[in-house]
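J.: fold the following.
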Amino acid sequence: MKSTFVAALSAALAANQVAGHATFQQLWHGSSCIRMPSSNSPLTNVGSSDFRCNAGGSRGVSGVCGVKAGGAVTIEMHQQPGDRSCSQEAIGGAHWGPVQVYLTKVPDATKADGSTGWFKIFSNSWSKKSGGAVGDDDNWGTRDLNKCCGRMDVPIPSDLAAGDYLLRAEALALHTAGQAGQAQFYVSCYQISISGGGNASPATVKIPGSYSSGDPGIKINIHAAVSNYVAPGPAVYAGGTTKIPGGSCTGCANTCKVGSSPTAVAGKGGSGKSSTPGAEPDDSSEPDAAEPEAGGGCVAAAYGQCGGNGFSGCNSCPSGFTCKAVSPPYYSQCAPGS
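T.: Residues are numbered from 1 along each chain as shown. Next comes the predicted model:
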């Protein structure tokens, strides 16, 4: 499935996507500063330079979002470009996994390529749900995104030095992660400028370089019982925030209303479409929602779930897609091919 982050640093932006895939699209913050990915397809190669800011995200856009140290931003993810109605999950298809946010300090956010060192400021990962038999039943960061209409508040540490930064929002979907190289990452970067603050200089890691496809937080079968889970990458630095998933929606994630955010701006390096929040979704690229099929059956979404233990939904796939077992016997997905 595909999804897109609509990062809401209080500054909204929209991205190209289809059902089951998603993209961080908005950043609620008064101006447009997202580097739009060229598509809403997930990243699976953690060693690629695209892993920094997604395909098309290596080059900057003109906008920079101003943020106060000690304040907060709100990232937002949805399946369809411009569709922020909360009528469907932000990232569908039981795509459970952690949501994490990184920063890298740069001389000029509009020109930075993300090759500088990154540090983690936020993680909403995993917690055991009472009575849950398998990892699918537990509390996850992406489950919180779905519960809060795709929105998640991210505190900006109060001790950070003033200046330009790239903010990297990452959602990891673990539904096919039982095999190495099959975990799905959804990433978007935003150009921000932090004012106020202090002089903290957190330790950094390189992206790519800090993740391996065999890391236990990346290669894991969540369709079996999970007794412990540690999200990939470095620990959240001392000034950052670790959120326990499963709580209520608070802050902007609970109260912000669609309609006051700016128009999205596509990154120069990609082909993402600009769209105004609240506009009708552009669904011309691929089939998305489940639709009737001749004979009374139904067709699953492109990249959507079409089989697996306990699955009772549509088993047929759209034209050009085939139901393939990607994490047998737990999960099958409509993938391109015949």
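J.: please make it C-alpha for all contacts and neighbour counts, starting now.
T.: OK.
J.: may I see the buried residues of stretch 144-159?
T.: 144-159 (16 or more other Cα atoms under 10 Å).
J.: off-centre distance for stretch 133-143?
T.: 16 Å (Cα atoms, centre = their mean, to the nearest Å).
J.: can you check stretch 166-181 too?
T.: In terms of Cα atoms, centre = their mean, the centre of stretch 166-181 is found 8 Å from the chain centre.
J.: equivalent analysis for stretch 136-152, please.
T.: Worked out by Cα atoms, centre = their mean, stretch 136-152 lies 11 Å from the chain centre.
J.: any weak-confidence spans in this structure?
T.: Along the chain, the parts satisfying pLDDT under 70 run over 1, 6-21, 23-31, 80-83, 258-297, 302-303, 310, 326-327, 329-331, 338.
J.: can you list the domains in it?
T.: 1-283, 286-338 (automatic domain parsing).
J.: closest one of the buried residues of stretch 144-159 to Ile220?
T.: Ile220 lies nearest to Asp144 out of these, by Cα to Cα, at 20.0 Å.
J.: pretty sure the closest one sits against Gly246.
T.: Yes - judged on Cα atoms under 8 Å, Asp144 makes contact with Gly246 at a distance of 6.5 Å.
J.: what is in contact with those two at once?
T.: Counting by Cα atoms under 8 Å, 6 or more residues apart in numbering, Asp144 and Gly246 have no contacts in common.
J.: contacts only, for the residue nearest to the spatial centre of the chain.
T.: With distances taken as Cα atoms, centre = their mean, the residue of the chain nearest its centroid is Ala171 (3.6 Å). Contacts for Ala171 were tallied using Cα under 8 Å, 6+ apart; they are Gly97, Pro98, Val99, Gln100, Gly141, Thr142, Phe185, Tyr186, Val187.
J.: just the ones of the residues you listed in strands?
T.: Assigned to strands by DSSP state E, the following of the contacts of Ala171 qualify: Val99, Gln100, Phe185, Tyr186, Val187.
J.: reformat the residues you listed into CSV and put neighbour count and distance to Val134 next to each item.
T.: Compiled in CSV, the ones in strands among the contacts of Ala171 are given as follows (neighbours: other Cα atoms under 10 Å; distance: Cα to Cα, whole Å):
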residue, neighbour count, distance to Val134
Val99, 28, 20
Gln100, 25, 22
Phe185, 24, 22
Tyr186, 29, 23
Val187, 32, 26
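J.: residues in contact with stretch 125-135?
T.: 97-100, 137-141, 221-227, 229-231, 243-246.
J.: please pick the buried ones from those residues.
T.: Here, 16+ other Cα under 10 Å leaves 97-100, 137-141, 221-223, 226, 229, 231, 243, 245-246 buried among those.
J.: can you tell me the SS state at Tyr102?
T.: Following DSSP: H, G, I helix; E, B strand; the rest coil, the label given to Tyr102 is strand.
J.: burial measure for it, as a count.
T.: 21 (other Cα atoms under 10 Å).
J.: now do the contacts for it.
T.: For Tyr102, the contacting residues are Trp118, Phe119, Lys120, Ile121, Phe122, Leu167, Arg168, Ala169, by Cα under 8 Å, 6+ apart.
J.: and what of Asp159?
T.: By Cα under 8 Å, 6+ apart, the neighbours of Asp159 are Ala69, Gly70, Gly197, Gly198, Asn199, Ala200, Gly239.
J.: just say helix, strand or coil for Asn40.
T.: Per three-state DSSP, Asn40 ends up coil.
J.: thought Ser188 was touching Ile34?
T.: Yes - using Cα under 8 Å, Ser188 is in contact with Ile34, at 7.4 Å.
J.: okay, the two: which has more neighbours?
T.: Under the criterion of other Cα under 10 Å, the comparison of Ser188 against Ile34 puts Ile34 first, with 38 against 32.
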